[in-house]
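Asker: I'll drop the sequence and a predicted model, then ask my questions.
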Amino acid sequence: MTVPCPVEPTLDGTARVRDGVRIRFSVHRGATRSRRVALVHSLALDRGIWAYVVPHLVEHADVVTYDCRGHGESGAGAYDYSMPQFADDLADLLDALGWPDALVAGASMGGAVAQQFAASHADRTVGGVFVDTTAWYGEGAPGTWRARGATARETGFASMLDFQFSRWFGDDFGRQHPDAVDALRETFLANDVDAYEATCAMMGDYDLRSLAPHITAPAAVLVGGDDYATPPEMAKALAASVDAAPPTVLDGAKHLTPLERPAEIAAGILETLERADGAARA
């Protein structure tokens, strides 16, 4: 796993999803077993991006982090990825854990997976927290994302590091957390180029705007104020579509707010859990 978590997991394991792909996960048991949170990571990284968020959650809920297919320690499977498939992977993981439902929070790519899950597995979604993400990247997205995948194949992941780091986090985070930056670099460089290309194609092709009416659980949207990948305007459109409050904009943060601003991301998750509890009691 990338960034070492300050809280040791209760369980590290592997679950086999419906097409046989093995998904690696970590579970942190909380003070109560009645609340469950699943955290979904961003493109080309792994479950380690939640390392600084987990400590804020474990006193309030059981937490699972996992590596999506084609990422980290998980298997890749056939390279024909789709958002429904990634959402089904999460459903199969919850089955393996014996979790009937969960609040699902995701960042960037993971935020899209969380939207898809909240719509297609609404009966298992306690709440949705969508971080640094969008329902749609726009008309030019298929070409733009495929070009990014082609760059990885043609010039290598190392050639992309400066671009990625400039979008992921600000200089202050880099100076304060050099070990985390080194770990992110190692994870990014270790990507399987076939899986990366397949995931980039998925990112370019997805359009989740029609799913918004099917997301009925309490939802929240958070975004870095300096996020150039999915800027606040995209977050505002997403929040309006899922009937959430206006997005929480984290001034000065970029595209990996779970690393830059973990306490505030955790606060958004816990506030959404409270709203879900209130809705369940009503």
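Answerer: Ah, there it is.

Asker: What's the end-to-end length of stretch 186-197?
Answerer: 18 Å (CA to CA, to the nearest Å).

Asker: ok, now stretch 198-216?
Answerer: 30 Å.

Asker: Just give the number of residues close to T133.
Answerer: 29 (other CB atoms under 10 Å). The way it works is simple: take the backbone N, C-alpha and C, and place the C-beta from them, glycine included.

Asker: can you pull out the helices in this protein?
Answerer: 54-57, 83-97, 109-120, 141-155, 161-168, 171-176, 178-189, 193-205, 232-241, 257-260, 262-281 (DSSP state H).

Asker: other SSEs contacting the longest one?
Answerer: Think helix 262-281. Judged by 3 or more CB pairs under 8 Å, 6 or more residues apart in numbering; DSSP states H and E, helix 262-281 is in contact with helix 54-57, strand 102-107, strand 125-131, strand 219-224, strand 248-250, helix 257-260.

Asker: Okay, angle between it and strand 219-224 too, please.
Answerer: 170 degrees (axes from the mean of the first three to the mean of the last three CA atoms, to 10 degrees).

Asker: What of the fourth one?
Answerer: For the pair helix 141-155 and strand 219-224, the angle between their directions (the same axes, to 10 degrees) equals 50 degrees.

Asker: what comes up buried for helix 141-155?
Answerer: Within helix 141-155, the residues that qualify as buried are A141, P142, W145, R146, R148, G149, T151, A152, counting by 16 or more other CB atoms under 10 Å.

Asker: That helix - contacts with which helices or strands?
Answerer: helix 193-205.

Asker: What of the first one?
Answerer: Under the contact definition 3+ CB pairs under 8 Å, 6+ apart, helix 54-57 sits against strand 62-66, helix 262-281.

Asker: Buried deepest among those, which one?
Answerer: Comparing the helices and strands packed on helix 54-57 by mean neighbour count (mean count of other CB atoms under 10 Å), strand 62-66 ranks first with a mean of 27.

Asker: for it, the distance to its chain's centre please.
Answerer: 12 Å (CA atoms, centre = their mean, to the nearest Å).

Asker: go on, stretch 125-141?
Answerer: Counting by CA atoms, centre = their mean, stretch 125-141 comes out at 10 Å from the chain centroid.

Asker: how long is that stretch from one end to the other?
Answerer: 28 Å.

Asker: what mean pLDDT does that stretch have?
Answerer: Per-residue pLDDT over stretch 125-141 has a mean of 98.

Asker: Use 405 as the first number for this chain going forward.
Answerer: In the new numbering, first residue 405, that becomes stretch 529-545.

Asker: so A587 touches G452, yeah?
Answerer: Yes. Between A587 and G452 there is a contact under CB atoms under 8 Å: 6.7 Å.

Asker: so what sits against both of the two?
Answerer: Common neighbours of A587 and G452, using CB atoms under 8 Å, 6 or more residues apart in numbering, are T406, V407, P408.

Asker: quick revisit: please identify which of the helices and strands packed on helix 458-461 is closest to F569.
Answerer: helix 666-685 (18.3 Å; CB to CB).

Asker: what about A587 and G452, which has more around it?
Answerer: A direct count of neighbours by other CB under 10 Å for A587 and G452 places G452 higher, at 23 against 19.

Asker: hang on, the more buried one packs against T406?
Answerer: Yes. The criterion here is CB under 8 Å, and G452 meets it with T406 at 2.8 Å.

Asker: Spit out the residues that contact the two alike.
Answerer: Joint contacts of G452 and T406 (CB under 8 Å, 6+ apart) are G476, A587, T591.

Asker: Can you name the residues that contact L626?
Answerer: L626 sits in contact with 533-536, 639, 651-654, 661, 668-669, 672, where contact means CB under 8 Å, 6+ apart.

Asker: The helices and strands packed on helix 458-461: lowest mean pLDDT?
Answerer: helix 666-685 (a mean of 93).

Asker: picking that back up, relative to L447, which of the helices of the chain is closest?
Answerer: helix 513-524 (4.2 Å).

Asker: Quick check: mean pLDDT of that closest one?
Answerer: 98.

Asker: ok, back up a step: closest one of the buried residues of helix 545-559 to E412?
Answerer: Nearest member of the buried residues of helix 545-559 to E412, counting by CB to CB, is A556, at 33.2 Å.
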